[in-house]
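1. show me the folded form of this:
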Amino acid sequence: MTTATLNHSSVRVSALRRKAIKTRASTVLGILFLAFMLFPIYWMVNASLQPSGNTLSADFFPWNPSFAGYEKAIADQGKNLLTSLVIALGTVVVTLAIAAPAAYALAQFKFRWISWALLAILIAQMIPGVVIANALYAAYNNLGLLNSIPGLVLADASHAIPFAILIMRASMMSIPASIIEAARVDGAGQVRAFFSIAMPIAKNALITAGLFAFLFAWSDFLFALTLTTTDEIRPVTLGIYQYLGTQVSNWSAVMATAVLSSLPAIVLLVVAQKYIAAGATGGAVK
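-> Residues are numbered from 1 along each chain as shown. As a prediction, the model looks like this:
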């Protein structure tokens with residue numbers, strides 16, 4: 001074996017070692033970063049299982065877990081959780097019913113005003129929520145929609161619709177025009193082409209838009225605080241906020257409520273993660 005060959009082998013081994021060290025360092029840093037990000041969630045679950053209810057004196061691990069906090073949370077906040085679920089599902093229905101046809105029209109129709117419509121949607125997306133909330137309060141006060149589930153559904157949908165249109169339009173832009181034209185030749189109208197062709201192809205974007213609409217409504221606090229003035233309609237976000245003032249000595253119930261309110265979002269994100277990845281990138285490559 002020549003000297004050049006030995007030197008080449010040594011260089012290659014050194015490069016492989018450096019690569020292995022970088023890979024291990026990246027893995028360790030990733031684990032530390034993930035642990036840092038997930039620690040608040042772990043502490044929330046840990047505090048919800050503490051029998052004392054005091055987070056300051058809580059053990060790092062619940063050696064004697066107690067579910068009294070969950071029993072109290074369900075008893076006090078069960079109705080609020082159900083209210084949030086109804087509002088979130090209603091928001092998904094209203095958002096998709098409006099955003100899907102709008103996205104299809106903006107993607108497939110060729111009009112001069114399309115660019116202006118997209119600009120208006122972007123501007124609507126950038127309007128601060130507090131501005132919309134104040135305007136809706138004045139309108140709802142005249143229409144009698146304060147302290148009502150339909151009022152909160154419409155408010156949350158107004159926040160979710162622009163984002164849903166942008167997500168679904170990007171996906172529907174990738175639908176070949178020849179497919180729509182073939183359906184039209186076969187006798188299908190625009191409505192039939194929309195439901196039979198565009199919607200199945202844009203399924204991932206539809207699920208992504210619906211999921212984000214659900215999360216927008218489920219985590220909404222501003223509209224719930226502004227548009228409700230009584231205890232009759234109270235989403236769980238507002239319930240937790242008002243819970244803090246009455247349960248300062250029993251943090252296990254507060255943390256249990258936080259855990260219960262986090263479960264729907266976690267489950268949906270885990271179940272629909274492949275649709276989210278496909279829907280978010282839909283239309284990026286034609």
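2. leaving out sequence neighbours, find the closest residue to Ala88.
-> Spatially, and ignoring its direct neighbours in sequence, Ala88 is nearest to Ala217 (4.1 Å; CB to CB, 6 or more residues apart in numbering). All C-beta atoms are positioned from the backbone trio N, CA, C, and that covers glycine.
3. quick one: secondary structure of that neighbour?
-> helix (DSSP: H, G, I helix; E, B strand; the rest coil).
4. residues in contact with it?
-> Ala217 makes contacts with 84, 87-88, 90-92, 152-153, 156-157, 160, as judged by CB atoms under 8 Å, 6 or more residues apart in numbering.
5. the residues you listed into TSV, with extra columns for neighbour count and pLDDT?
-> Formatted as TSV, the contacts of Ala217 follow (neighbours: other CB atoms under 10 Å; pLDDT from 0 to 100):
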residue	neighbour count	pLDDT
Ser84	25	93
Ile87	27	95
Ala88	24	95
Gly90	18	95
Thr91	28	96
Val92	24	95
Leu152	29	94
Val153	23	95
Asp156	28	93
Ala157	24	93
Ala160	25	91
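6. my read: Ile175 touches Ile201, true?
-> Yes: look at Ile175 against Ile201 with CB atoms under 8 Å: they come within range, at 5.4 Å.
7. now do the same for Trp63: helix, strand or coil?
-> coil.
8. wait, Lys110
-> coil.
9. what number of residues lie near Tyr140?
-> Per other CB atoms under 10 Å, the neighbour tally for Tyr140 reads 20.
10. likewise Asn142?
-> 8.
11. next one, pLDDT for it please.
-> In this prediction, Asn142 carries a pLDDT score of 89.
12. packing partners of the helix or strand harbouring it?
-> Element membership for Asn142 (DSSP states H and E) is helix 129-143. With contacts taken as 3 or more CB pairs under 8 Å, 6 or more residues apart in numbering; DSSP states H and E, helix 129-143 sits against helix 149-172, helix 222-227.
13. apply 6 Å and report the result again.
-> helix 222-227 (3 or more CB pairs under 6 Å, 6 or more residues apart in numbering; DSSP states H and E).
14. so where's the stretch 1-150 of the chain shaky on pLDDT?
-> Within the stretch 1-150 of the chain, the set of residues satisfying pLDDT under 70 comprises 1-15, 52-58.
15. how about the strands in it?
-> Under the criterion DSSP state E, counting those that start in this stretch, the stretch 1-150 of the chain contains no strands.
16. quick one on the thing from earlier: can you redo the contacts of Ala217 as JSON lines with distance to Leu211?
-> Formatted as JSON lines, those follow (distance: CB to CB, whole Å):
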{"residue": "Ser84", "distance to Leu211": "15"}
{"residue": "Ile87", "distance to Leu211": "15"}
{"residue": "Ala88", "distance to Leu211": "10"}
{"residue": "Gly90", "distance to Leu211": "15"}
{"residue": "Thr91", "distance to Leu211": "11"}
{"residue": "Val92", "distance to Leu211": "8"}
{"residue": "Leu152", "distance to Leu211": "19"}
{"residue": "Val153", "distance to Leu211": "17"}
{"residue": "Asp156", "distance to Leu211": "14"}
{"residue": "Ala157", "distance to Leu211": "14"}
{"residue": "Ala160", "distance to Leu211": "10"}
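17. which ones are touching Asn141?
-> Residues in contact with Asn141 (CB atoms under 6 Å, 6 or more residues apart in numbering): none are found.
18. ok, it to Ala202 distance?
-> 38 Å (CB to CB, to the nearest Å).
19. got it, and Arg234?
-> Distance from Arg234 to Ala202, by CB to CB: 36 Å.
20. looking at the two, which one has more neighbours?
-> Ala202 (29 against 19).
21. the more buried one touches Ala170, doesn't it?
-> No: assessed by CB atoms under 6 Å, Ala202 is found out of contact with Ala170, at 9.4 Å.
22. elements contacting the longest helix along the chain?
-> For the chain, the longest helix by residue count, based on DSSP state H, is helix 3-48. Other elements packing on helix 3-48 under the criterion 3+ CB pairs under 6 Å, 6+ apart are helix 251-271.
23. great, nothing more from me.
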